[in-house]
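Trainee: quick one: sequence and predicted model below, then my questions.
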Amino acid sequence: MSTAARPPAKRRAATPVRPDRRQNILLAAEKLFAKHGYHAVSIRHIADEAQVPLALVGYYFGAKHELYHAIFEHWSTTINERLAALALAMADESGDRLPRIVEAFIAPVIRLRASAEGEYYALLMTRGLALQSEEEDSIIREFFDPMARAFIEAFHTTLAAEFPATTQAQVVWCYQFALGALLHHIGDRRVHRLSQGENRPNDPAVMPQLVAFIAHGMRGAMLQSHPSAPARKEP
């Protein structure tokens, strides 16, 4: 039989792509917790948002607090990224180390906030660190406190090289002030109104300005605590 006489080949029916229902539940929970808070969101709210049966939420994640924990476990790579950047900053002995440590602390979070997939997690992290209810405190202790201690140690080592009398307690205050500046930047929307529309909320382009603000602020705090310390020479 010639080619022209052959009957047309039957098309195979396209296999429908099954949605990742576990991932949908995680994203739905992340969004609702970020917008409304842990206690204002029920498992039914999450199931409705994810468009899955109610029982499926418990099947994949268990109780609500376990689902909440799973969100932070899923995004723990961001903490690892910050710690890896910190290690690189501490290993580099050239130039001014302090801004590099600050950048390691804030840059992964700012990039995450600017991404479509990380927006709600960044806001959820901001809410949790600000409110610190029982559920949030448990998350902070497990996921964020070890990282905080690593950065505090790095800041202490670096600042003590300039201000030998620097104490860890003073550096902890500096860490808290730096954290406050970061959280406000990624969560605030008022800057658009105050700047009469010139400033874009959460703008990642101003990260160098925020790095400089935090680094100079830390040095200013140490000078206030140790006024007899010699002024630092810029490299």
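Mentor: Sure, I can see it. Keep in mind that what you see is a predicted model, and the values were worked out from it rather than measured. Numbers count the residues shown, from 1 in each chain.
Trainee: looking at this structure, which helix or strand does the model trust least?
Mentor: Sorting the helices and strands of the chain by mean pLDDT, DSSP states H and E puts helix 119-131 at the bottom, at a mean of 81.
Trainee: list the helices and strands that one packs on?
Mentor: In terms of contacts (3 or more CB pairs under 8 Å, 6 or more residues apart in numbering; DSSP states H and E), helix 119-131 is packed against helix 21-36, helix 97-114, helix 134-139, helix 168-187. Backbone N, C-alpha and C define where each C-beta goes, glycine included.
Trainee: for those, which one sits closest to residue 72?
Mentor: Across those, residue 72 has its closest neighbour in helix 134-139 (5.3 Å, CB to CB).
Trainee: residues touching the closest one, excluding its own?
Mentor: Under the criterion CB atoms under 8 Å, 6 or more residues apart in numbering, residues 38, 65, 68-69, 72, 127-129 lie in contact with helix 134-139.
Trainee: could you do stretch 27-47 as well?
Mentor: 25, 49-50, 53-54, 56-58, 64, 67-68, 71, 120-121, 123-124, 127, 131, 133, 135-136.
Trainee: any low-confidence regions in the protein?
Mentor: Applying pLDDT under 70 to the chain flags residues 1-19, 130-132, 228-235.
Trainee: would you map out the domains in it?
Mentor: In terms of domains, the chain is parsed into 21-72, 75-225 (source: automatic domain parsing).
Trainee: how about these in a markdown table, adding mean neighbour count?
Mentor: A markdown table is the format used below for the domains of the chain (neighbours: other CB atoms under 10 Å):
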| stretch | mean neighbour count |
| --- | --- |
| domain 21-72 | 17 |
| domain 75-225 | 16 |
